[in-house]
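Student: Pasted the sequence and its predicted model underneath.
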Amino acid sequence: MSVIVARPPNFELILKAFPDADKPGVIFAYGDNIYNPSGDPIPPALLAHERIHLGRQKMLAPPSSLSIDAAADHWWIRYVLDAEFRYREELLAHVAEFKAQDNRGLDRNLRAKILQKTAARLCAPLYNYTPPRSMTLAMRDIRWELEKK
């Protein structure tokens with residue numbers, strides 16, 4: 001995995017579906033790379049988030065995919081077109097992000113604040129969910145995923 005200071009190869013597709021994708025700090029998983037157009041430092045928790053997307057792109061590739069880029073293209077098309085798929089993929093990535101913050105030893109109030117911030121990111125307008133997801137739903141789903149494992 002490399003971090004590349006550039007837009008991903010499919011950026012035009014992404015921007016059409018997600019108008020906020022060109023804002024500073026937005027990063028993208030594509031193939032074997034994380035694309036970081038703004039070049040800002042990426043916190044470890046966000047790297048964990050993007051690693052989930054990279055792994056899922058490989059895992060969900062159709063059998064006929066001959067290259068990692070073809071697998072990434074397949075994943076991105078589904079991500080753009082299917083809001084339920086997008087939410088599920090983001091939920092898994094946000095759970096990894098939450099876990100990467102190593103908050104097990106924190107008191108429950110601080111842990112709850114980290115959960116709230118993670119849930120707020122999961123239901124953020126950036127993802128352009130239709131219908132929009134609520135904070136309550138995002139928190140419930142993150143907790144459910146955490147309890148599953």
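Tutor: In hand now; what should we look at?
Student: The longest helix along the chain: which residues count as buried?
Tutor: Scanning the chain for the helix with the most residues, using DSSP state H, yields helix 83-100. In terms of neighbour count (16 or more other CB atoms under 10 Å), helix 83-100 has its buried residues at 83, 86-87, 89-100. All C-beta atoms are positioned from the backbone trio N, CA, C, and that covers glycine.
Student: which one of those is nearest Arg111?
Tutor: Proximity of these to Arg111 (CB to CB) peaks at Phe98, which lies at 9.4 Å.
Student: The helix or strand where His49 lies vs helix 83-100, what angle?
Tutor: Element membership for His49 (DSSP states H and E) is helix 44-59. In this structure, helix 44-59 runs at an angle of 140 degrees to helix 83-100, with axes from the mean of the first three to the mean of the last three CA atoms, to 10 degrees as the basis.
Student: give me the low-pLDDT residue ranges for this structure?
Tutor: Flagging of the chain using pLDDT under 70 yields the residue ranges 62, 64-66, 103-104, 149.
Student: sorry, back to before: packing partners for the longest helix of the chain?
Tutor: Using 3 or more CB pairs under 8 Å, 6 or more residues apart in numbering; DSSP states H and E, the elements in contact with helix 83-100 are helix 44-59, helix 68-81, helix 108-122, helix 135-148.
Student: export these to TSV and tack on distance to Met1 and mean neighbour count?
Tutor: Listed next are these as TSV, based on distance: least, CB to CB, whole Å; neighbours: other CB atoms under 10 Å:
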stretch	distance to Met1	mean neighbour count
helix 44-59	6	18
helix 68-81	11	18
helix 108-122	21	15
helix 135-148	23	14
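Student: Kindly reformat those helices as TSV containing distance to Phe11.
Tutor: Written out in TSV, the entries for the helices and strands packed on helix 83-100 read as follows (distance: least, CB to CB, whole Å):
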stretch	distance to Phe11
helix 44-59	15
helix 68-81	10
helix 108-122	21
helix 135-148	26
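Student: Ile27 is nearest to which of these?
Tutor: With respect to Ile27, and counting by CB to CB, the nearest of the helices and strands packed on helix 83-100 is helix 44-59 at 6.3 Å.
Student: CA atoms only: put that closest one into PDB for me.
Tutor: These are the backbone C-alpha positions of helix 44-59, laid out as PDB (Å, rounded to 0.1, in the frame of the first residue of the first chain):
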ATOM      1  CA  PRO A  44      -3.600   6.100  11.900                       C
ATOM      2  CA  ALA A  45      -7.300   5.600  12.500                       C
ATOM      3  CA  LEU A  46      -8.100   6.900   9.000                       C
ATOM      4  CA  LEU A  47      -5.500   4.700   7.500                       C
ATOM      5  CA  ALA A  48      -7.200   1.700   9.200                       C
ATOM      6  CA  HIS A  49     -10.500   2.900   7.600                       C
ATOM      7  CA  GLU A  50      -9.000   3.100   4.100                       C
ATOM      8  CA  ARG A  51      -7.200  -0.300   4.500                       C
ATOM      9  CA  ILE A  52     -10.700  -1.900   5.000                       C
ATOM     10  CA  HIS A  53     -11.800  -0.400   1.600                       C
ATOM     11  CA  LEU A  54      -8.600  -1.600  -0.100                       C
ATOM     12  CA  GLY A  55      -9.200  -5.100   1.300                       C
ATOM     13  CA  ARG A  56     -12.900  -5.100   0.400                       C
ATOM     14  CA  GLN A  57     -12.100  -4.000  -3.200                       C
ATOM     15  CA  LYS A  58      -9.900  -7.100  -3.600                       C
ATOM     16  CA  MET A  59     -12.400  -9.400  -1.800                       C
END
